[in-house]
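Participant: A predicted structure for the sequence below; I have some questions about it.
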Amino acid sequence: MLLTLVACGARAAAGPSDDLPPSRPAEATAPPPGAPAKRNPAGPSWGPATAPQSPVAPPTAHAAVVRPLSVSIPAIGVRSSLIPLRLIAGSGELAAPADFGQAGWYAAGPTPGEPGPAVIAGHVDSRDGPAVFFRLRELHIGDVVEVTRSDGVTARFAVTGVERYPKSAFPTQRVHGPTPDRALRLITCGGSFDYAKRSYRDNIVAYAVRL
């Protein structure tokens, strides 16, 4: 199974607009070519375009009933309802929300707050400006992420690190592999824009664990 996000922002489908020049802030924080992905020292726009096989653990019976309703990240001003995201048949790509202000969760993986690496993803920008996860790269260690669920529980997570990876070398096992923790991955795009592929070259991944 490929856990690949089909688009990061409006540019992925329509190319950059005059409102969003190629030198967006997401690229300004990128390390020089050839440098390793940088972990936020105080503490990761749309996910892996070329992610290899992903061993995401299947949801438990409880997770199949309980679903996440919304996500809140006060440190970067994010508050969004959550829609289920599924793989596009035959492509292995994770379909993106149609609304650039909307975040979604990978419905075939763990529910946020349950054991394993739950995944929430969102666009970085649109042709009109910043999208829901535009500031994801600004997260620091200790920043809190809250996910409200259909069982009335608010699962609280603390950010443990932020990484940036080239899509051509996305570490699927590290991001999506089984974990004993009740973990959360927040994914968007970053780096420079590839005009030929109409996609960003990198991914930003924020890692978090349940408090």
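Facilitator: Here it is on my side, so go on.

Participant: show me what contacts residue 166?
Facilitator: Residue 166 makes contact with 191, 201, 202, according to Cβ atoms under 8 Å, 6 or more residues apart in numbering. (C-beta placed from N, C-alpha, C; glycine too.)

Participant: tally of neighbours for the last one?
Facilitator: By other Cβ atoms under 10 Å, 29 other residues sit near residue 202.

Participant: all strands for the chain, in order.
Facilitator: Secondary structure of the chain (DSSP state E): strands at 4-5, 68-73, 78-85, 93-94, 103-106, 116-121, 125-126, 129-130, 144-149, 154-166, 182-194, 199-210.

Participant: could I get those strands as TSV with mean pLDDT?
Facilitator: Converted to TSV, those look like this (pLDDT from 0 to 100):
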stretch	mean pLDDT
strand 4-5	50
strand 68-73	98
strand 78-85	97
strand 93-94	70
strand 103-106	96
strand 116-121	96
strand 125-126	90
strand 129-130	94
strand 144-149	98
strand 154-166	97
strand 182-194	94
strand 199-210	94
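
Participant: ok so, going back, closest one to residue 142 out of the contacts of residue 166, please.
Facilitator: Compare each of these with residue 142 using Cβ to Cβ and the shortest gap goes to residue 202, at 24.0 Å.

Participant: which non-adjacent residue is nearest the closest one?
Facilitator: residue 191 (3.1 Å; Cβ to Cβ, 6 or more residues apart in numbering).

Participant: circling back to that earlier point, can I get the strands of the chain in TSV with distance to residue 176?
Facilitator: Converted to TSV, these look like this (distance: least, Cβ to Cβ, whole Å):
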stretch	distance to residue 176
strand 4-5	11
strand 68-73	17
strand 78-85	14
strand 93-94	11
strand 103-106	9
strand 116-121	6
strand 125-126	24
strand 129-130	26
strand 144-149	18
strand 154-166	12
strand 182-194	7
strand 199-210	10
